[in-house]
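A.B. asks: Whatever this is, show me its structure:
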Amino acid sequence: MGDNDAVPQISIIIPALNEAESIGQVVREMPWPLIHECLVVDNGSTDRTAQIAQAAGARVIQSPRGYGAACLAGSLAADPASDILVYMDGDGSDLIAGLPALVEPIAANQADFVLGSRIRGRREPGSMLPSQVFAGHLVGFLLRLFQGVRYTDMGPFRAIRRSSLEQLRMSELTYGWNLEMQIKAAQHGLRIREITVDYRCRIGGVSKVSGDWRASLKAAVRILEVLFRVGLRRAPQAPSRERRLSE
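C.D. replies: Numbering: from 1, shown residues only. Alright, predicted model coming up:
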């Protein structure tokens, strides 16, 4: 984490909806010496997600339905001592081994927001649909055009300085949360870094987005709505801060 005397505290926030097959392993894999807490946000599960997560060592809270609602609830509930908030999925597809590389730029005061790009990283065959890869490239092109920032993905594995998140005033309560964060990070002139992360197939259960065409369509429509509502505004002129992404 660097040689600074003050080691930043890290809260891991995991939105989870009916992830009983995977959440236990996800929580047990946490690098506990490196983090302050693991917070699982039960997003209205009808299975034993909450009980399994708690038994594995997570702090569990409840939130209304909606991916963004869960992320927001977790952000607000995270221990005030935590300086860095990290988000990841509860299906086991995000590899927590990438955590040090994800938080290091923030801990070293070189970035305020770090996004893990699955598209640039090594992906297990079948872990991402071609439509997800295409969406990442399309959104990246549009945000480069309108915000002057280069993203290649909208992946869930990401870290942000807590004080920076508070500046963004996040409001999206659905699957548009990730994109809203990326857009507002650019608009507020945050120092942004994108790094490669590895990605694997989910451990168990069914994807809430790609596992059903109706859910996939609904998520796609919502993401596009967020893109055109928030992202097609010109970013304010930021001072001489790092706006381009780098490894």
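A.B. asks: Now do the strands in the protein.
C.D. replies: 10-16, 37-42, 59-62, 84-87, 113-117, 158-161, 192-196 (DSSP state E).
A.B. asks: Please name the nearest non-neighbouring residue to the residue nearest the centre of the chain.
C.D. replies: Residue closest to the average C-alpha location in the chain (Cα atoms, centre = their mean): P156, at 3.2 Å. Excluding its sequence neighbours, the residue lying closest to P156 (Cβ to Cβ, 6 or more residues apart in numbering) is D89, at 4.7 Å. Using the backbone N, CA and C atoms, a C-beta is placed for each residue, glycine as well.
A.B. asks: Wait, that neighbour touches I14, no?
C.D. replies: Yes: in this structure, D89 is within contact of I14 by Cβ atoms under 8 Å, at 7.1 Å.
A.B. asks: which of these two has more neighbours?
C.D. replies: I14 (28 against 20; other Cβ atoms under 10 Å).
A.B. asks: who does that one bridge with?
C.D. replies: Assessed by DSSP bridges, I14 has beta-bridge partners V40.
A.B. asks: how about the strands of the chain, which one is nearest I23?
C.D. replies: strand 10-16 (5.5 Å; Cβ to Cβ).
A.B. asks: Does that closest one pack against any helices or strands, and if so which?
C.D. replies: Other elements packing on strand 10-16 under the criterion 3 or more Cβ pairs under 8 Å, 6 or more residues apart in numbering; DSSP states H and E are helix 23-28, strand 37-42, helix 49-56, helix 67-77, strand 84-87.
A.B. asks: buried residues in it?
C.D. replies: 10-16 (16 or more other Cβ atoms under 10 Å).
A.B. asks: now swap in stretch 20-32 and tell me
C.D. replies: Using 16+ other Cβ under 10 Å as the test for burial, stretch 20-32 gives 20-24, 26-27, 30.
A.B. asks: Show the residue spans covered by the helices in the chain.
C.D. replies: 23-28, 49-56, 67-77, 99-107, 130-147, 162-168, 177-187, 213-226 (DSSP state H).
A.B. asks: do you know which of these lies nearest D198?
C.D. replies: That would be helix 99-107 among the helices of the chain, by Cβ to Cβ, at 10.6 Å.
A.B. asks: name the helices or strands packed onto that closest one?
C.D. replies: strand 84-87, strand 113-117, strand 158-161, strand 192-196.
A.B. asks: Starting from the third one, tell me which strands it pairs with and how they run.
C.D. replies: When pairs are called by DSSP bridges, strand 158-161 turns out to pair with strand 84-87 (antiparallel), strand 113-117 (antiparallel).
A.B. asks: Using TSV, lay out those strands together with distance to Q147 and mean pLDDT.
C.D. replies: Formatted as TSV, the strands paired with strand 158-161 follow (distance: least, Cβ to Cβ, whole Å; pLDDT from 0 to 100):
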stretch	distance to Q147	mean pLDDT
strand 84-87	21	98
strand 113-117	13	97
